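Asks: Only the shape, not the letters, is given here:
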């Protein structure tokens, strides 16, 4: 077959049919028509007759080779030029490189979040379960009302350290740590929201030791570290049914700021604020123990002002019980020997038989009587009066129909702070022994 040299390809037309190629040969000044079906047979050029790179993008028209022109499997991975390693876990990216996917989100009954740098955000919808694969035992669940609950089932989960077991970290949608709030530490346990060593916002929740179980029948200690925190129990309609003030240990009932070791506040008018009752045989006692050689008081106040008080003096004094007014003045003083001293109580009194051998029937603050002769008696008091200017009132009698009188002599005898004299007369002028003689003493 003769071979014709083609020096220039000037035009590709279709004058006769789709299978004709017109070629201009400048060396001879003529054109030739070539039947394309006779030029290159099917499958004439295969991978063995193709030089790598001989056909590049500049020699291929747009869409010259499409899926219809490529047989299945004609171009495999071995004939693709790309960086990286092709495997079942990689894909060919647009920059002609084999890479491992960073998005491991899967949708179904729930989804998994594995990297905080993942730019492909996934929306949490109602009813979805959220599981943190990087923190074993940490689960998150959304409920119908939109509440998100994060649970940590790791035994002995630690608090704010970057390597803690079961740590829950909170970051915003730009991977920036949230602002830290106040943090409290009690018994070497940190709780609250703080920044850890990786500058991440960390929620620290106090936990219960796995070996510690609350026993309602056993002894319990609250606030063992002695922190300044209050303890409060509410009741129905009463916010402070029981209140323990952390700053000083004062206990309040019905009050949130107790000002004394026990502070009880009535919640309604006329309410009984304290009742002591016993259903056992015998008496019930309320004791006030002030300690050795110390006074004690029971005060009655009005809006903080003392109106009355009972003052029990300690052993260094006289062991007396005094009732005082709002000015602190003793209105009555009770002695250990049974005497009650005041301006309206008798300092001493006596009832005795003045006939034959004189004898005291009964008395108060009287130690003895002396028979001075007919109708004359000296009475000696056990405790001295404050002065000799006290008052004595005496009466006497012998029986029915007898006219007897008793008097205190004004002359011939001067009373002392411990002794006074009584004279008994018949018909006002004759000394006579009386069978009934009484006397009362008032004064300081």
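Replies: That came in fine, so what should we check first? Bear in mind the structure is a predicted one, so any value in this text is a computation, not a measurement. Residues are numbered from 1 along each chain as shown.
Asks: show me where pLDDT drops low in the stretch 151-300 of the chain?
Replies: 151-213 (pLDDT under 70).
Asks: redo that, cut-off 80
Replies: Counting by pLDDT under 80, the stretch 151-300 of the chain contains low-confidence residues at 151-215.
Asks: Show me the strands in it, by range?
Replies: Here the stretch 151-300 of the chain has its strands, by DSSP state E, counting those that start in this stretch, at 169-170, 183-186, 189-195, 201-204, 231-235, 238-244, 251-253, 262-264, 296-302.
Asks: tell me the contacts of residue 345?
Replies: residue 332 (CB atoms under 8 Å, 6 or more residues apart in numbering). Just so you know, the C-beta spots here come from the backbone N, C-alpha and C atoms, and that holds for glycine as well.
Asks: so who does the nearest residue to residue 298 once chain neighbours are set aside touch?
Replies: Nearest residue to residue 298 in three dimensions, chain neighbours excluded: residue 310, at 4.2 Å (CB to CB, 6 or more residues apart in numbering). Counting by CB under 8 Å, 6+ apart, residue 310 touches 297, 298, 321, 322, 323.
Asks: any idea which of the residues you listed has the most stuff around it?
Replies: residue 322 (21 neighbours; other CB atoms under 10 Å).
Asks: which ones are touching that residue?
Replies: 310, 311, 312, 313, 330, 332, 333, 334 are the contacts of residue 322 under CB under 8 Å, 6+ apart.
Asks: same deal with residue 380?
Replies: By CB under 8 Å, 6+ apart, residue 380 lies in contact with 366, 367, 368, 369, 370, 418, 419.
Asks: Could you do residue 295 as well?
Replies: Shown in contact with residue 295 (CB under 8 Å, 6+ apart): 311, 312, 313, 314, 317.
Asks: I'd like to know how far residue 365 sits from residue 258.
Replies: 46 Å (CB to CB, to the nearest Å).
Asks: Just the helices from this structure, written as ranges.
Replies: For the chain, the helices defined by DSSP state H occupy 36-39.
Asks: And it, what are its domain boundaries?
Replies: 231-264, 296-341, 348-442 (automatic domain parsing).
Asks: so how far does the second one reach from one end to the other?
Replies: Meaning domain 296-341. Start-to-end span of domain 296-341 (CA to CA, to the nearest Å) is 20 Å.
Asks: got TSV for the domains of the chain, with distance to residue 288 too?
Replies: As requested, the domains of the chain are arranged in TSV below (distance: least, CB to CB, whole Å):
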stretch	distance to residue 288
domain 231-264	13
domain 296-341	5
domain 348-442	27
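Asks: what's the most buried one of these?
Replies: domain 348-442 (a mean of 16; mean count of other CB atoms under 10 Å).
Asks: how long is it end to end?
Replies: This stretch, domain 348-442, spans 7 Å end to end (CA to CA).
Asks: Kindly report the same for stretch 343-350.
Replies: 18 Å.
Asks: Could you pull up the mean pLDDT of it?
Replies: When pLDDT is averaged along stretch 343-350, the result is 89.
Asks: Equivalent analysis for stretch 310-323, please.
Replies: Stretch 310-323 comes out at a mean pLDDT of 82.
Asks: now stretch 378-391
Replies: Averaging pLDDT residue by residue across stretch 378-391 gives 93.
Asks: Quickly note the distance from the closest residue to residue 244 other than its chain neighbours to residue 347.
Replies: Nearest-residue entry for residue 244: residue 231, 4.1 Å, with adjacent residues in sequence omitted and distances by CB to CB, 6+ apart. Distance, residue 231 to residue 347, using CB to CB: 55 Å.
Asks: do the same with residue 306
Replies: For residue 306, the distance to residue 347 - CB to CB - is 28 Å.
Asks: Tell me which residues are up against stretch 76-87.
Replies: With contact meaning CB under 8 Å, 6+ apart, stretch 76-87 is reached by 47, 90, 92, 96, 97, 98, 99.
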